[in-house]
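Visitor: I'll drop the sequence and a predicted model, then ask my questions.
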Amino acid sequence: MTQDPVTTSHSETFRPNAPFWHPGLIRTIHEQGVDGHFGDFGGAFIPEVIVPAVDDLRRAYLEAREDLAFWRELDGVGRSFAGRPTPVYLAERFSQGLGDIQVVLKREDLAHTGAHKINNALGQGLLARRMGRQRIIAETGAGQHGVAAATVCAKLGLECVVYMGTEDIERQALNVYRMQLLGAEVRPVDSGTRTLKDAINEAFRDWCTNVESTYYMLGSATGPHPYPLMVRDFQSVIGWEARRQCLEQFSHLPDAVVACVGGGSNAIGGFMPFVEDAGVALIGVEAGGSGIASGAHAATLSAGSIGILHGTRSLVLQNADGQILGTHSISAGLDYPGVGPEHAFLKTSGRAQYVSIEDEAAIRGFRLLSSTEGIMPALESAHAVAYVADNPQRFAPGSLVLIILSGRGDKDVNRSLPFAETL
Ligand SMILES: *Cc1c(COP(=O)(O)O)cnc(C)c1O
């Protein structure tokens, strides 16, 4: 039997947030995607003007990736600033109604700024500083990545511009104010559907004209290489910590890891450390909106087809002419017509399965976890919660089911109130 490096007691190999510099098992898992390809997916489909910027970024990241000092620094700020490691929590009362399964929550809701997004923003912030960039641009939908980016820029003393669709600015006014308080400039985007995908387009446009001075801090595990690799690496702290915590607290690995999928960053970060553990089922939960048949959803892996969006080849919600379709979800963070290429690969290779949960079920999941555990999940995370609550029979009796609770739900309380009466 090979010794699991995350369970050894040597000081350096034990550190859960520093998987890259372990020469054994951990390292081989991480090599997937280093060349920018996840099977047939990934790559860098970008306009010529940003080729030099993306080349630069790729070189800088691949170099930082080999540098122990970089991971040590990230590990340090993760602990002192972002509250890592976040706990794994046995949801006993929630589990009681679900027959013979035990549900544990990985508490990313307890990370600084209230979601997993800070893991990625810190990693990229340190990389930007290492590259000597003073100006950060970012895009945001729900505002969560914008807040994380603005937070990290405030901490590191970097200038921050956040692109956001005007539709989202209206829906997420509190997060706009937060970003401004943190010193960021929020630039409204009034084109297209005036949501996340248009904000990403605008951020790429900015990058094209300010290639020398600017670092583009992308918010999910999508975009051209090296973003899907880099964001996964930064978010995999979720899975590495959870893996060790499950071994410590329950003496075995979880039987399933369940996570919501928007662009796919919290899910890939939760899945990746378990990819080589054949006994661990990996289940991604997408936004079923008003139902897949209605067309008003954001279930890209369930209903999409192969295409290119925002620089990467993956599954995309598009019509027969390749036009990107409008999406709908109760949760702004899942409301995106693309998905990270590694998920497309995990789906087609059969290693992970993807399901969808509709708006109303997600609200029920939100209320169930709130009332049984005193934990309000983000509406995004509530999709993963609802899948487990609604389908306990899909897990073998005695299963330990790990849900990645990607964020806290305070931000959603207003939006979910209209549903309270109907439940
Ligand atoms: C942004 C966000 C998501 C969706 O993004 P992924 O990249 O798929 O993780 C999910 N949960 C929360 C709380 C978010 O803020």
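Guide: It's in.
Visitor: what lies in contact with stretch 149-158?
Guide: 77, 81, 112-113, 118, 121-122, 124-126, 128-129, 133-136, 138, 140, 159-160, 162, 178-179, 182-184, 217, 219 (C-beta atoms under 8 Å, 6 or more residues apart in numbering). Any C-beta I mention is one placed from the backbone N, CA and C, and that applies to glycine too.
Visitor: quick check on the residues you listed: which are buried?
Guide: Buried members of the contacts of stretch 149-158, scored by 16 or more other C-beta atoms under 10 Å, are 77, 112-113, 118, 121-122, 124-126, 128-129, 133, 135-136, 138, 140, 160, 162, 178-179, 182, 184, 217, 219.
Visitor: which positions in this protein make contact with the ligand?
Guide: By the rule C-beta under 6 Å from any ligand atom, the part of the chain lying against the ligand is 115, 117, 142, 144, 220, 260-267, 333-334, 378, 380-381, 406-407.
Visitor: mind checking which of the residues you listed are in strands?
Guide: Cys260 (DSSP state E).
Visitor: what's in contact with whatever helix or strand Leu126 lives in?
Guide: Assessed by DSSP states H and E, Leu126 sits inside helix 117-130. For helix 117-130, contacts defined as C-beta under 8 Å, 6+ apart pick out 60-61, 64, 70, 73-74, 77-78, 81-82, 84, 111-112, 136, 144-145, 147-149, 151-153, 155-156, 158, 215, 217-220, 230-231, 233-235, 237-238, 265, 269, 407.
Visitor: could you tell me which of these belong to helices?
Guide: Counting by DSSP state H, the part of the contacts of helix 117-130 found in helices is 60-61, 64, 70, 73-74, 77-78, 144-145, 147-149, 151-153, 155-156, 230-231, 233-235, 237-238, 265, 269.
Visitor: PyMOL command for the buried members of those residues?
Guide: The buried residues among the ones in helices among the contacts of helix 117-130 can be selected in PyMOL (16+ other C-beta under 10 Å) with this line:
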select buried, resi 60+61+64+70+73+74+77+78+144+145+147+148+149+151+152+153+155+156+230+231+233+234+235+237+238+265+269
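Visitor: the helix or strand encompassing Cys160 pairs with which strands, and in what direction?
Guide: Assigned by DSSP H and E, Cys160 falls within strand 159-165. Neighbouring strands of strand 159-165 in its sheet, by DSSP bridges, are strand 135-140 (parallel), strand 185-189 (parallel).
Visitor: now do the strands in the chain.
Guide: Using DSSP E, the strands of the chain run over 37-38, 41-42, 88-90, 102-107, 135-140, 159-165, 185-189, 214-217, 256-260, 281-289, 305-309, 312-316, 352-358, 400-405.
Visitor: so what pLDDT did the residue of the stretch 51-200 of the chain found nearest the ligand get?
Guide: Nearest to the ligand, among the residues of the stretch 51-200 of the chain, is Gln144, at 3.5 Å (C-beta to the nearest ligand atom). pLDDT, Gln144: 94.
Visitor: follow-up on the earlier one: highest mean neighbour count out of the strands of the chain?
Guide: Stretch with highest mean neighbour count among the strands of the chain: strand 256-260 (a mean of 29; mean count of other C-beta atoms under 10 Å).
Visitor: hang on, the earlier thing: pull the residues that contact the strand holding Cys160.
Guide: Counting by C-beta under 8 Å, 6+ apart, 134-141, 143, 146, 149-150, 153-154, 172, 176, 179, 182-190, 192-196, 198-200, 202-203, 206 sit against strand 159-165.
Visitor: how far does it sit from its chain's centre?
Guide: 19 Å (C-alpha atoms, centre = their mean, to the nearest Å).
Visitor: next one: stretch 222-234
Guide: 11 Å.
Visitor: what average pLDDT does it get?
Guide: Averaged across stretch 222-234, the pLDDT comes to 96.
Visitor: only alpha carbons, please: show it as CSV.
Guide: Backbone C-alpha positions of stretch 222-234 (Å, rounded to 0.1, in the frame of the first residue of the first chain) are rendered in CSV as follows:
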residue,chain,number,x,y,z
THR,A,222,-12.4,28.5,-17.4
GLY,A,223,-10.8,30.7,-20.0
PRO,A,224,-7.6,30.1,-22.1
HIS,A,225,-4.7,28.0,-20.7
PRO,A,226,-3.3,28.6,-18.1
TYR,A,227,-6.4,29.7,-16.3
PRO,A,228,-8.3,26.4,-16.0
LEU,A,229,-5.1,24.7,-14.7
MET,A,230,-4.1,27.6,-12.4
VAL,A,231,-7.6,28.2,-10.9
ARG,A,232,-7.9,24.5,-10.3
ASP,A,233,-4.6,24.4,-8.6
PHE,A,234,-5.5,27.3,-6.3
